[in-house]
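Asker: no sequence on hand, only this structure:
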DNA sequence: AACTCGTGGTT
DNA sequence: TAACCAAGAGT
């Protein structure tokens, strides 16, 4: 005896998500679409790695022009390994989290020198390289090498926490969430699964007002079942941002050159270019004013700028002076019209723009 | 384990 | 507009 009508098995979460991804995936410069992958096109590990490092805590929109610029200047990981560090830092300027750029260079050098210019094709091998942590190693292994790694970023945390209505707060609940991701990840198309989870979090399962009616998990989601998807993920309370103050000094020669310095290699804005500043302290009377200028001159106040970093807010008073020809106190001098070649972080561009409104072209 | 580390867009 | 937060890593 045989049963002629075996029941149709329910679709797995992965199958639902991949079906959704095949219909709704986004075109991105570093991405191979599912249809192109079917035709045999493979993702370039260098492109995937470069994009994943740039995308750490950074939006797709911000990354796109930097990704194009880097690929144009350094088409292969060997090219990047051979590039001068100053060029890489200047090219990264404005993207933030500058330790990423320092580690990007170290990683390229390691791949070129220790791996014959070929990226390791396992999660563990990738994880051992500079700047590649839990997320990036799993993402590159899955997307570039089709490994069934459990890929979890902020988007995936949000999707998982809602799907299972996880009440435990982040970051403590990360291991529990990662175990869920590991359960869900298919051996077939793991890279597309990872990208689909992140796309879902970015476009449907958004932090506010998620579009649950369009979600492939709408029939499975416990947070939706209790009519409160926005309650997840639960996060530990964060502390307030302190304010630090200081002063920045813009010195210009009569021939239009501006005085610059190089910041310490480690720490905040490590290895980047700056104009001279005082220390940045919490106290307004802690040596943060004009009396701590880099050299004696006719410093003129020209307002203040504010810049918000991850863990503090900075308020800098800006001063400027014009030096007579032939007098150049110690420093390094660059014509104002060539500032675009320097590794100037955004806060320093704000200071210079405050003193010289025409210094940078407006977009 | 908690803290450091940028910037720009969205709400 | 103040808060939130984005394909996290290193220490």
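Answerer: Cool, the structure landed. It should be emphasised that the depicted structure is a prediction, and the values quoted were computed from it without experimental measurement. Numbering: from 1, shown residues only, chains lettered A, B, ... in the order given.

Asker: which stretches of chain A form strands?
Answerer: Using DSSP state E, the strands assigned to chain A run over residues A:243-253, A:257-262, A:273-274, A:300-308, A:313-323, A:332-335.

Asker: now the ones you listed in CSV, with mean neighbour count and mean pLDDT?
Answerer: Placement of C-beta: from N, CA and C, glycine included. Output for those, formatted as CSV (neighbours: other Cβ atoms under 10 Å; pLDDT from 0 to 100):
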stretch, mean neighbour count, mean pLDDT
strand A:243-253, 21, 95
strand A:257-262, 19, 95
strand A:273-274, 20, 96
strand A:300-308, 13, 94
strand A:313-323, 20, 95
strand A:332-335, 15, 94
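
Asker: quick one: closest of these to residue A:18.
Answerer: Closest to residue A:18 of those, according to Cβ to Cβ: strand A:300-308, at 39.4 Å.

Asker: list the helices and strands the closest one packs on?
Answerer: Helices and strands touching strand A:300-308, by 3 or more Cβ pairs under 8 Å, 6 or more residues apart in numbering; DSSP states H and E, are strand A:313-323, helix A:346-355.

Asker: and the angle from it to strand A:313-323?
Answerer: Counting by axes from the mean of the first three to the mean of the last three Cα atoms, to 10 degrees, strand A:300-308 lies at 150 degrees to strand A:313-323.

Asker: do strand A:300-308 and DNA strand B meet?
Answerer: Yes. Under the criterion of Cβ under 7 Å from any atom of the strand, DNA strand B is reached by strand A:300-308 at A:307, A:308.

Asker: strand partners (parallel or antiparallel) of that strand?
Answerer: Paired strands of strand A:300-308, with direction, are strand A:313-323 (antiparallel) (DSSP bridges).

Asker: beta partners for residue A:247?
Answerer: Beta-bridge partners for residue A:247, by DSSP bridges, are residue A:317.

Asker: for the closest residue to residue A:354 other than its chain neighbours, give me its contacts.
Answerer: Closest residue in space to residue A:354, ignoring its immediate chain neighbours: residue A:318 at 4.3 Å, by Cβ to Cβ, 6 or more residues apart in numbering. Shown in contact with residue A:318 (Cβ atoms under 8 Å, 6 or more residues apart in numbering): A:247, A:248, A:249, A:250, A:301, A:302, A:303, A:304, A:305, A:351, A:354, A:355.

Asker: tabulate those (TSV), appending distance to residue A:78.
Answerer: Listed next are these as TSV, based on distance: Cβ to Cβ, whole Å:
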residue	distance to residue A:78
A:247	44
A:248	39
A:249	41
A:250	39
A:301	50
A:302	46
A:303	47
A:304	46
A:305	40
A:351	37
A:354	41
A:355	41
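
Asker: touching DNA strand C at all, the lowest-mean-pLDDT helix or strand in chain A?
Answerer: In chain A, no helix or strand scores lower on mean pLDDT, DSSP states H and E than helix A:34-38, which sits at a mean of 86. No. Helix A:34-38 does not reach DNA strand C (Cβ under 7 Å from any atom of the strand); its nearest approach is 13.4 Å.

Asker: report the distance from that helix to the chain centre.
Answerer: Computed by Cα atoms, centre = their mean, to the nearest Å, the separation of helix A:34-38 from the middle of its chain amounts to 27 Å.

Asker: report the buried residues of it.
Answerer: Using 16 or more other Cβ atoms under 10 Å as the test for burial, helix A:34-38 gives A:34, A:37.

Asker: how about residues contacting it?
Answerer: Residues outside helix A:34-38 that contact it (Cβ under 8 Å, 6+ apart) are A:21, A:22, A:25, A:189, A:192.

Asker: give me every residue in the stretch 51-200 of chain A lying close to DNA strand C.
Answerer: Applying Cβ under 7 Å from any atom of the strand, we find that the stretch 51-200 of chain A lies next to DNA strand C at A:51-52, A:55-60, A:97, A:99, A:103, A:130-137, A:139, A:153-155, A:158, A:195, A:198-199.

Asker: against DNA strand B, how distant is residue A:277?
Answerer: Distance, residue A:277 to DNA strand B, using Cβ to the nearest atom of the strand, to the nearest Å: 13 Å.

Asker: measure the residue nearest to that residue when sequence neighbours are not counted to DNA strand B for me?
Answerer: Leaving aside its chain neighbours, residue A:277 sits nearest to residue A:248 (4.6 Å; criterion: Cβ to Cβ, 6+ apart). The gap separating residue A:248 from DNA strand B is 13 Å, by Cβ to the nearest atom of the strand.
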